[in-house]
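1. my questions are about this predicted structure, shown below with the sequence.
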2 protein chains.
Amino acid sequence: MANSRKGRHLTQMKITAIDPFYLRMPDITTAADGTQDTLLVRVETDTGLEGWGECDASPLVSLAVYCCPMSHGNIINIRTSLMGETLDAPDDVLRLSEKVLRNGLDIQQIQHAYSGAEIALWDIVGQQLGKPVYRLLAEMSGSSDVAHRKLPYASVLFGDTPEATYQIASGLREQGYRAAKFGWGPMGKFGEANDIALVAAAREGMGSEAQIMVDAGVVWGNDPETAYRRAEAFAQFSPTWLEEPLAPDAIDAYRALTQKHPSVPIAAGEGSNTYRTAEDLIVHGGVQFVQIDTGRIGGIMPSFEVRQLAEQHGIQYVNHTFKSHLSLAAALHVFATNPDFDLLEYPAAGSELSQRLVKDPFRVDPDGMVRVNDLPGLGVQVDTDAIRDYLAPVRIEVGTDTIFAVQDF
Amino acid sequence: MANSRKGRHLTQMKITAIDPFYLRMPDITTAADGTQDTLLVRVETDTGLEGWGECDASPLVSLAVYCCPMSHGNIINIRTSLMGETLDAPDDVLRLSEKVLRNGLDIQQIQHAYSGAEIALWDIVGQQLGKPVYRLLAEMSGSSDVAHRKLPYASVLFGDTPEATYQIASGLREQGYRAAKFGWGPMGKFGEANDIALVAAAREGMGSEAQIMVDAGVVWGNDPETAYRRAEAFAQFSPTWLEEPLAPDAIDAYRALTQKHPSVPIAAGEGSNTYRTAEDLIVHGGVQFVQIDTGRIGGIMPSFEVRQLAEQHGIQYVNHTFKSHLSLAAALHVFATNPDFDLLEYPAAGSELSQRLVKDPFRVDPDGMVRVNDLPGLGVQVDTDAIRDYLAPVRIEVGTDTIFAVQDF
């Protein structure tokens, strides 16, 4: 704290630009593949530093939160809240987050949109102080600053059939993955026998030594009975968890399900748009794995607070990441220092856009594990040249004003 | 049900257009006055009917939810979800709401944005069936279909000083108001003595017979101790409630406050963007008045569900309305049939835009009460001629496409 105060005094770095960028693949399908488009946010300072963050959200809706005209004191856009502000230390990030959220009190999309900027602010502060973000978080919370390796699980969609799923699983196994999550697609849509055949195929393809996870993609909505029966039916294939069997806000249904103590642990949380939503799911829903998307919940700090809550409750924190490795970096810093939280969602079949987005993607090391980069800030670099072709120009006019116009980085 | 099925068979009305309109006053200030701008949504059918709804939300951000390009199967805009759909009966509204929310699973702003369309759908179905919306809700829930009058409380902001507040209160009393809520502005910002003086002035100006309410405008954030001390200090002036002393999602702080059983009942809920948020506040926060904005929570049906939850918990449901009388109509239908829920937030000092928005605003009857209009649908008509000057043209281009362009109604 003394250091950061001193640093602030010396530098007084100011935010000079906040720019959201909408990128997308040429063709977008209804598949539950979150890498088909994205919203990046770049923050720049008067000292020449720049930070980047990525949102997992509708790019246009979130972009509007950066430029929407003021409606009153509770609807003020993110750019207005951040422009010209001082940014030198972690305390500044917390102060600015409080300001942004207070000014956006009546903007429902505020957390989805702000996530990208919050991550970029941490990236800048880490660069400024010469420390990786996970160390800043450790200093702040007084916890260990030793980063631990994670076991990446390939995160893929089910094939349309059990056979197609088997092929996908076999392919992942050949690539060396020791864990894989299969989700969405046909799961829950063609009856119990097909659901079981899908999971059986995933297990067969991955082999008996691997970890497999099943992501039901909210398909049983508000129906804990069916979710419980499926959990019991899937238990023979020993999945690590059954994920999102129910709708994100069906907390009572989650409680009904978890109180039956199904043979397969229940995971959920990617729909947490606020810290409270995640807390509600943990405290009242009783999930055993909480999966947080740093690009949705408002960034790194609220994710870190959910991690701390998971530690208090003796459940496991896992990242939800279905974007580029910029998101993966942000996600990793949040829980790198807890060795018990040893699983990492690792997008393994993302779009070209998502694969080209950073210059230095996280590789799976020879031991099959992934490690956070021990570099200042997030430790990854956005490759604007490689992704320029995916940038969608956006122009928004309200009344006689052009309130947003972006052509290039 | 038999009737609605029959009706559906006969008419098969289809939705042909869904249009959001951004309206605003020439000058927007930071005052907590939600009537400075608005987003209206018009839905049209192939039988020539049109319905209207109003959102209490950032107009631009919500408008983007009507036209945002698809990101994947969980980010599909509202227009796409509704266009061409059948709409004949209340069941259709529920079916379409489920579709819109499912298609917008990963759009955080979905409830704020959809509220306007949902209200418009009820307006159309009511017109089609020749019944006011409150009767459709009564038939659906099997409860009484008798509408009851409500005591309107003028909803105004505190003056900048106790003296200015006294003047405002005296003016309301002269206009015949028997209840008034004072909120935001200086409350909580200049110490306890000033807070008390503000409430004293409101009481003095309104007289000893009137009901007064105090809206603290989330000013004590996460601090239940200060909120409790203020509630005790205000008790001498007998306010009906102390509203939003804490941040909307500070549920644990609400519980800490309400478990101390302050001498003034606690009200909150306008920040409920989903049914679950309201449920969380009631069940875990322990509030005694739950205040729901039909223009935020996703429309009439989720509001009605919160009303039912309030009935089950023995607490009082109140509307939150700080927009035009189009919003007031939607709010009234939700709880018109419960005589115990007898208070109505009644915007009394709104902008010209909000005052001119409907042709037939709700008047305070000679007995000092307000009644729902016993007309088909919402029972109010939008005056497009009167508000045309406030319409802000909006144009949004993404890539080479113009995805939204509105110049006129």
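-> Happy to help now that I have it.
2. what's the span of stretch A:199-215 from first residue to last?
-> One end of stretch A:199-215 sits 10 Å from the other (C-alpha to C-alpha, to the nearest Å).
3. same thing with stretch A:383-401?
-> 32 Å.
4. so which residues on the stretch 151-300 of chain A come close to chain B?
-> A:218, A:248-249, A:251, A:271, A:273-276, A:280, A:284, A:296 (C-beta under 8 Å from any C-beta of the partner chain). Any C-beta I mention is one placed from the backbone N, CA and C, and that applies to glycine too.
5. same check on the stretch 301-409 of chain A?
-> So the stretch 301-409 of chain A meets chain B at A:392-399, A:403 (C-beta under 8 Å from any C-beta).
6. which among the residues of the stretch 151-300 of chain A next to chain B gets closest to A:Glu50?
-> Closest approach between these and A:Glu50, by C-beta to C-beta: A:Arg296, at 22.8 Å.
7. was I right to think the closest one contacts A:Asn273?
-> Yes - contact criterion C-beta atoms under 8 Å: A:Arg296 and A:Asn273 qualify, at 6.0 Å.
8. touching both of these two, which residues are there?
-> By the contact definition C-beta atoms under 8 Å, 6 or more residues apart in numbering or on different chains, A:Arg296 and A:Asn273 are jointly contacted by A:111-112, B:108.
9. okay if I get these as JSON lines plus secondary structure?
-> What follows is those, written out as JSON lines (DSSP: H, G, I helix; E, B strand; the rest coil):
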{"residue": "A:Gln111", "secondary structure": "helix"}
{"residue": "A:His112", "secondary structure": "helix"}
{"residue": "B:Gln108", "secondary structure": "coil"}
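10. using JSON lines, lay out these together with distance to A:Gly176, pLDDT and neighbour count.
-> Shown next, in JSON lines, are the shared contacts of A:Arg296 and A:Asn273 (distance: C-beta to C-beta, whole Å; pLDDT from 0 to 100; neighbours: other C-beta atoms under 10 Å in any protein chain shown):
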{"residue": "A:Gln111", "distance to A:Gly176": "36", "pLDDT": "98", "neighbour count": "28"}
{"residue": "A:His112", "distance to A:Gly176": "34", "pLDDT": "98", "neighbour count": "27"}
{"residue": "B:Gln108", "distance to A:Gly176": "37", "pLDDT": "98", "neighbour count": "26"}
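11. now the strands for chain A?
-> Assigned by DSSP state E, chain A shows strands spanning A:15-24, A:37-45, A:50-55, A:151-157, A:179-183, A:211-215, A:242-243, A:266-268, A:289-292, A:316-319, A:343-347, A:394-398, A:401-406.
12. and the second one, average pLDDT?
-> In this case it means strand A:37-45. Here strand A:37-45 scores 98 as its mean pLDDT.
13. chain center to that strand: distance?
-> Distance of strand A:37-45 from the chain centroid (C-alpha atoms, centre = their mean, to the nearest Å) equals 15 Å.
14. nearest residue to the middle of chain A?
-> A:Asp293 (2.8 Å; C-alpha atoms, centre = their mean).
15. surely A:Cys55 meets A:Asp37?
-> No - using C-beta under 8 Å, A:Cys55 is not in contact with A:Asp37, being 10.6 Å away.
16. quick one, which of the strands of chain A is nearest to B:Thr321?
-> Using C-beta to C-beta, the strands of chain A put strand A:394-398 closest to B:Thr321, at 25.1 Å.
17. of A:Cys55 and A:Asp37, who's got more company?
-> Remark: of A:Cys55 and A:Asp37, A:Cys55 carries more neighbours, 32 against 25, as counted by other C-beta atoms under 10 Å in any protein chain shown.
18. any idea what that one is bridged to?
-> For A:Cys55, the beta-bridge partners are A:Leu39 (DSSP bridges).
19. identify the residues contacting it.
-> Applying C-beta under 8 Å, 6+ apart, one finds that A:Cys55 lies in contact with A:38-41, A:62, A:112-113, A:115-116, A:295-296.
20. again, only using 6 Å
-> Contacts of A:Cys55 were listed using C-beta atoms under 6 Å, 6 or more residues apart in numbering or on different chains, and they are A:39, A:62, A:115-116, A:295.
21. state the pLDDT value of it.
-> At A:Cys55, the model reports a pLDDT of 98.
22. now the one 3 residues further on
-> Per-residue confidence at A:Ser58 stands at 98 (pLDDT).
23. quick one: which of the contacts of A:Cys55 is most hemmed in?
-> With neighbours taken as other C-beta under 10 Å, the top of those is A:Gly116, carrying 36 neighbours.
24. isn't it right up against A:Gly53?
-> Yes - at 3.9 Å, A:Gly116 counts as touching A:Gly53 under the criterion of C-beta atoms under 6 Å.
25. shared neighbours of the two, anything?
-> Joint contacts of A:Gly116 and A:Gly53 (C-beta under 6 Å, 6+ apart) are A:Val41.
26. now chain A, which segments are flagged as low pLDDT?
-> For chain A, the stretches flagged by pLDDT under 70 are A:1-11.
27. coming back round to it: could you dump the residues of the stretch 151-300 of chain A next to chain B to CSV with neighbour count?
-> Compiled in CSV, those are given as follows (neighbours: other C-beta atoms under 10 Å in any protein chain shown):
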residue, neighbour count
A:Val218, 23
A:Pro248, 21
A:Asp249, 23
A:Ile251, 23
A:Gly271, 22
A:Asn273, 26
A:Thr274, 20
A:Tyr275, 19
A:Arg276, 18
A:Asp280, 22
A:His284, 16
A:Arg296, 27
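28. quick check, nearest of the residues you listed to A:Phe304?
-> Distance ranking of these against A:Phe304, using C-beta to C-beta, places A:Tyr275 first at 10.0 Å.
29. ok, back up a step: okay, among the residues of the stretch 301-409 of chain A next to chain B, which ones form the most distant pair?
-> Longest span within these, C-beta to C-beta: A:Ala392 and A:Gly399, 23.5 Å.
30. who has more neighbours out of these two?
-> Comparing A:Ala392 with A:Gly399 by neighbour count (other C-beta under 10 Å), the higher total belongs to A:Ala392, at 18 against 14.
31. ok so, going back, and the buried ones among the residues of the stretch 301-409 of chain A next to chain B, selectable in ChimeraX?
-> With 16 or more other C-beta atoms under 10 Å in any protein chain shown as the criterion, this ChimeraX line picks the buried residues out of those:
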select /A:392,394,396,397,398,403
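32. thought A:Leu326 was touching A:Asp360?
-> No - taking contacts as C-beta under 6 Å, A:Leu326 lies outside contact range of A:Asp360: 10.5 Å.
33. what touches both of those two?
-> Residues within reach of A:Leu326 and of A:Asp360 at once, by C-beta under 6 Å, 6+ apart, are A:Val380.
34. quick one, which of these two is more surrounded?
-> A:Leu326 (28 against 13).
35. how about the contacts made by the closest residue to the more buried one other than its chain neighbours?
-> Once flanking residues are discounted, A:Leu326 sits nearest to A:Glu54: 4.6 Å by C-beta to C-beta, 6 or more residues apart in numbering or on different chains. Neighbouring residues of A:Glu54 by C-beta under 6 Å, 6+ apart: A:38, A:40, A:116, A:295, A:323, A:326-327.
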